[in-house]
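Colleague: any chance you can model this:
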Amino acid sequence: QVQLVESGGGVVQAGGSRRLSCAASESIFKISQMYWYRQTPGNERELVAYITSGGGKHYADSVKGRFTISRDDSEHTLYLQLNSLKPEDTAVYYCFADATTRGRGRYWGQGTQVTVSS
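Modeller: Predicted structure coming up:
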């Protein structure tokens, strides 16, 4: 069974930092393009960043220069370093794996809440 388990959420003051982790099933992680999304109540999930299996990265304009996505293939773990946090970064952050190019599916984690206090 494919699993994505996020951790690292919590309450942080504006201007602070947080690192999110997503531990993934090894068989999926190594073939997947990995994503971080976030969602606030009443809104759709929005893309925060993604990283390809080759290490290419993309960021939403709203987080560019503040957030850093990375992956550790040996530990099959995805990371998101959140710096210079703002209250508008408050959301549930989700890990997502897309393995469709390799004949597998798409998988979501359960989410981790990040709350930025002003």
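Colleague: pretty sure Ser23 sits against Thr77.
Modeller: Careful, residue 23 is Ala and not Ser. Yes - Ala23 sits in contact with Thr77 when judged by CB atoms under 8 Å, with a separation of 5.3 Å. In this view, the C-beta of every residue, glycine as well, is placed from N, C-alpha and C.
Colleague: ok, and what's touching the worst-scoring helix or strand of the chain on mean pLDDT?
Modeller: The helix or strand of the chain with the poorest confidence is helix 26-29; it has a mean of 90 (mean pLDDT, DSSP states H and E). Under the criterion CB atoms under 8 Å, 6 or more residues apart in numbering, residues 2, 71, 73, 76-78, 97, 99, 104, 107 lie in contact with helix 26-29.
Colleague: how about 7 Å then?
Modeller: With contact meaning CB atoms under 7 Å, 6 or more residues apart in numbering, helix 26-29 is reached by 2, 76, 97, 99, 104, 107.
Colleague: in PyMOL, select just the buried ones from these.
Modeller: A single PyMOL command is used to select the members of the contacts of helix 26-29 judged buried by 16 or more other CB atoms under 10 Å:
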select buried, resi 2+76+97+99+107
